[in-house]
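Undergrad: Here is a sequence together with a model predicted from it:
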Amino acid sequence: APDMHPSSNARRSAALVALALSAIALAAPSLTRANDIGDVLAVNPFAFEGYDASDGDALRATGVSRSCDRTDGLDCLLEAPLLLPTGTTITRIELDAIDNGARDVKLNLNRCPVGTSGCFLVAEVSTTGTPGAVQESVDLAQPEVIDNSSFTYLLEVFPGNDATLALLGARVHLFAGQTGTTDEVAMPPFAFEARTSAGRNSLAVSGIQRFCSGTDCKVLASVELASGEVVTRLDLDAHDGSSADNVSASFERCDRTTGVCTSLVSLATNGSPGATQPGVDLPMPEVIDNEAFSYLTRVGLGDTDQTRLVGLRLTHTRPSPAPRFDTHAINAFAFEGLDADAIDAIEAVGDERYCSGQSCVLRAPVLLRSGTAVRGLGLAAYDAGPGDVATSLERCAVGATTCTAIAEIATADDSGGASREITISPPEIIDNRAFTYMIEVELDEGSAYRLRAAFLEIDNRLFIDGFESGETTEWTCLLYTSPSPRDSCIHLVCRL
């Protein structure tokens with residue numbers, strides 16, 4: 001299909017300040033391969049959400065593919081946060097899509113400076129109209145080195161406005177460089193989900209900044225760190241032009257048994273005009289415990305376009321060595337409704353999510369390093385009715401619209417809180433070059449069936465060609481084999 005996005009430029013001018021990299025003095029550091037190992041971050045379509053309410057209302061799903069059905073002639077715009085450690089070097093982006101239409105599906109990688117409403121376009125790739133499933137990729141003209149202290153990062157997709165175009169996934173090719181033990185999780189506004197349908201319908205945007213129009217609302221985001229990591233500080237990036245209202249933020253842990261979330265630290269803007277970046281140290285550093293808790297950040301946005309979210313940062317310290325066995329905790333607010341109807345049905349009791357007026361399906365991306373072994377699936381839910389809350393871990397092949405269920409569990413208790421776990425045998429070895437992964441949750445209708453979190457039991461020891469390596473993988477590894485890749489003696493030297 002020729003490049004005929006008549007509305008994409010207009011939408012982009014509203015969403016971004018897309019400046020050529022050559023026009024700014026933001027040169028990325030040179031690419032260093034020493035002690036680096038290449039990988040691919042496989043981003044499932046359900047990591048993306050609509051840029052604004054009109055995009056969310058148009059979302060449709062066929063299997064794992066996501067498309068838009070807009071009647072106003074505008075292309076949909078979908079956004080996904082890109083959360084990577086500082087020092088990671090991105091070398092290529094790849095788009096997995098269906099193109100059976102006159103237009104193209106387009107993928108952008110964007111870098112968004114702290115305190116601004118726009119982003120810099122780093123790289124873009126689009127389909128070319130070959131009928132059916134298409135995989136297109138582009139090497140970055142200059143490798144992008146992640147700097148979480150100065151930027152947040154976004155993947156942006158234009159999937160057209162009808163079912164002839166659809167998103168199947170995106171991939172980011174990267175090298176994980178030596179970064180030290182202290183880093184920041186840099187969360188752009190599109191990492192957050194509105195707590196209720198009223199807040200979701202009130203969400204609006206100015207560039208990439210998000211605000212609530214007419215309704216005081218809160219947005220929440222899942223925080224997914226390794227057990228043993230220590231969170232020490234919360235920083236908020238906001239615009240506050242209101243003398244009567246503030247932007248507030250908190251970092252919270254949520255008990256998997258009770259569903260109750262406890263604030264560990266909070267802060268708020270003070271009405272200073274324009275961009276503001278308040279920060280606060282945690283009174284007591286929080287050591288991440290994914291066995292007992294999931295974690296989230298919460299932002300209150302008020303009811304005016306003068307109180308806007310630009311981003312949020314959590315400073316954390318990694319353990320060294322990293323734990324071999326861990327629990328990967330995914331809070332309920334990482335999940336996106338299957339389609340527009342499901343998105344509109346999602347409500348909350350406390351910080352537990354349920355479906356009002358209909359049963360519905362929620363999905364969350366699983367973002368783990370290639371070679372990670374997934375050994376178990378867990379569900380934390382509230383079940384007080386004759387129905388169930390069910391969940392499954394799904395593997396989705398490149399170019400396919402359907403996924404394979406690796407493991408499935410469901411609640412079987414109508415007395416309230418429910419926690420279920422199942423062993424995955426043999427373990428699922430993550431392969432980001434061939435698949436994306438997601439967790440699917442099915443909720444029966446009503447507040448008697450509520451999602452708290454999902455959990456994956458993982459082994460961080462790298463598996464290569466069916467052989468188990470002798471060391472735990474961390475962010476930087478040097479691989480060498482003797483005498484060949486299929487020899488049973490496979491060595492990894494891994495350091496933070």
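TA: Cool, the structure landed. Numbers count the residues shown, from 1 in each chain.
Undergrad: as a whole number, average confidence for stretch 76-91?
TA: The average pLDDT for stretch 76-91 rounds to 95.
Undergrad: and the closest residue in space to Ala405 that isn't next to it in sequence, what helix or strand is that in?
TA: Closest residue to Ala405 apart from its sequence neighbours, by Cβ to Cβ, 6 or more residues apart in numbering: Ser392 at 4.6 Å. (Glycine included, C-beta is placed from N, CA and C.) In this structure, Ser392 sits in strand 389-397 according to DSSP states H and E.
Undergrad: same thing with Arg200?
TA: helix 197-202.
Undergrad: Report the next helix or strand after that helix in sequence order.
TA: Criterion used, DSSP H and E; the element after helix 197-202 is strand 203-206.
Undergrad: quick one: strands adjacent to that next one?
TA: strand 209-212 (antiparallel) (DSSP bridges).
Undergrad: chain center to the strand it pairs with: distance?
TA: Strand 209-212 sits 19 Å away from the centroid of its parent chain (Cα atoms, centre = their mean, to the nearest Å).
Undergrad: Can you list the strands that the helix or strand just after that strand pairs with?
TA: The helix or strand immediately downstream of strand 209-212 is strand 218-223, counting by DSSP H and E. Strands that pair with strand 218-223, judged by DSSP bridges, come out as strand 193-194 (antiparallel), strand 293-300 (antiparallel).
Undergrad: Just say which of those is most tucked in.
TA: strand 193-194 (a mean of 26; mean count of other Cβ atoms under 10 Å).
Undergrad: Could you pull up the mean pLDDT of it?
TA: On average, the pLDDT along strand 193-194 is 94.
Undergrad: circling back: I'd like the average pLDDT over the very next helix or strand once past the strand holding Ser392.
TA: As assigned by DSSP H and E, the chain's next helix or strand after strand 389-397 is strand 404-410. Strand 404-410 shows a mean pLDDT of 96.
Undergrad: Show me which residues of the helix or strand that comes right after strand 404-410 are buried.
TA: Moving toward the C-terminus from strand 404-410, the next helix or strand (DSSP H and E) is strand 416-429. By 16 or more other Cβ atoms under 10 Å, the buried positions in strand 416-429 come out as 417-418, 420, 422, 424, 427-428.
Undergrad: Same list as before, those residues that is, but in CSV and with pLDDT and distance to Glu144 included.
TA: Compiled in CSV, those are given as follows (pLDDT from 0 to 100; distance: Cβ to Cβ, whole Å):
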residue, pLDDT, distance to Glu144
Gly417, 75, 44
Ala418, 77, 43
Arg420, 89, 41
Ile422, 95, 39
Ile424, 97, 34
Pro427, 96, 33
Glu428, 96, 30
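Undergrad: Out of these, the closest to Thr91 would be?
TA: Comparing these against Thr91 with Cβ to Cβ places Glu428 closest, at 26.5 Å.
Undergrad: what's the average pLDDT for the helix holding Arg200?
TA: pLDDT averaged over helix 197-202 gives 89.
Undergrad: What residues sit buried inside that helix?
TA: 199-202.
Undergrad: Quickly name whichever of those residues is closest to Phe435.
TA: Arg200 (30.0 Å).
Undergrad: Need the nearest residue in space to the closest one, chain neighbours excluded.
TA: For Arg200, the closest residue by Cβ to Cβ, 6+ apart turns out to be Ala194, at 3.8 Å.
Undergrad: now do Glu124
TA: Asn108 (4.8 Å).
Undergrad: immediately after the helix or strand where the one you found lies, which helix or strand?
TA: Element membership for Asn108, per DSSP H and E: strand 106-113. Remark: after strand 106-113, the chain's next helix or strand is strand 120-126, criterion DSSP H and E.
Undergrad: Check which helices and strands that following strand sits against.
TA: strand 89-99, strand 106-113, strand 133-145 (3 or more Cβ pairs under 8 Å, 6 or more residues apart in numbering; DSSP states H and E).
Undergrad: same question for that strand, mean pLDDT?
TA: The model assigns strand 120-126 a mean pLDDT of 97.
Undergrad: how distant is it from the center of its chain?
TA: For strand 120-126, the distance to the chain centre is 19 Å (Cα atoms, centre = their mean).
Undergrad: partners of that strand in the sheet?
TA: For strand 120-126, pairing defined by DSSP bridges yields strand 106-113 (antiparallel).
Undergrad: Next, the distance between the ends of stretch 96-113.
TA: 27 Å (Cα to Cα, to the nearest Å).
Undergrad: Give me the buried positions along it.
TA: 96-101, 103-113.
Undergrad: again with stretch 142-156
TA: In stretch 142-156, the ones that count as buried by 16+ other Cβ under 10 Å are 142-148, 151-156.
Undergrad: and which of the residues you listed is nearest Met187?
TA: So of the buried residues of stretch 142-156, ranked by how close each gets to Met187 (Cβ to Cβ), first place is Thr152, at 6.8 Å.
Undergrad: List the contacts of that closest one.
TA: Neighbour list for Thr152: 81, 112, 114, 186-188, 311 [criterion: Cβ atoms under 8 Å, 6 or more residues apart in numbering].
Undergrad: taking those residues as a set, which two sit the farthest apart in space?
TA: Applying Cβ to Cβ across the contacts of Thr152, the maximum distance is between Pro81 and Val114, 14.8 Å.
Undergrad: which one of those two has more residues nearby?
TA: Pro81 (22 against 17; other Cβ atoms under 10 Å).
Undergrad: For the stretch 251-400 of the chain, which segments count as helices?
TA: Ranges of helices within the stretch 251-400 of the chain are 340-345, based on DSSP state H, counting those that start in this stretch.
Undergrad: Which residue comes closest to Val280 once chain neighbours are left out?
TA: Here the residue nearest Val280, using Cβ to Cβ, 6+ apart, is Leu267, at 4.6 Å.
Undergrad: Can you report how many residues neighbour the one you found?
TA: 17.
Undergrad: returning to what we had before: relative to strand 133-145, how tilted is the strand holding Asn108?
TA: 20 degrees (axes from the mean of the first three to the mean of the last three Cα atoms, to 10 degrees).
Undergrad: Model confidence at Glu471, what's the number?
TA: Confidence score, pLDDT, at Glu471: 42.
Undergrad: how close does the residue nearest to Thr304 when sequence neighbours are not counted get to Val114?
TA: Closest residue to Thr304 apart from its sequence neighbours, by Cβ to Cβ, 6+ apart: Ser242 at 5.4 Å. Per Cβ to Cβ, to the nearest Å, Ser242 is found 21 Å from Val114.
Undergrad: Equivalent analysis for Val389, please.
TA: Distance from Val389 to Val114, by Cβ to Cβ: 39 Å.
Undergrad: Off-centre distance for stretch 168-188?
TA: With Cα atoms, centre = their mean, you get 12 Å for stretch 168-188.
Undergrad: swap in stretch 383-403?
TA: 18 Å.
Undergrad: Show the end-to-end separation of it, please.
TA: End residues of stretch 383-403 are separated by 27 Å (Cα to Cα).
Undergrad: Only the buried residues of it, if you could.
TA: 383-384, 387-398, 400, 403.
Undergrad: Could you give the number of residues near Ser117?
TA: 18.
Undergrad: residue boundaries of the strands in the stretch 201-350 of the chain?
TA: For the stretch 201-350 of the chain, strands defined by DSSP state E, counting those that start in this stretch occupy the ranges 203-206, 209-212, 218-223, 230-240, 248-255, 261-268, 275-276, 279-287, 293-300, 307-317, 325-331, 336-337, 346-349.
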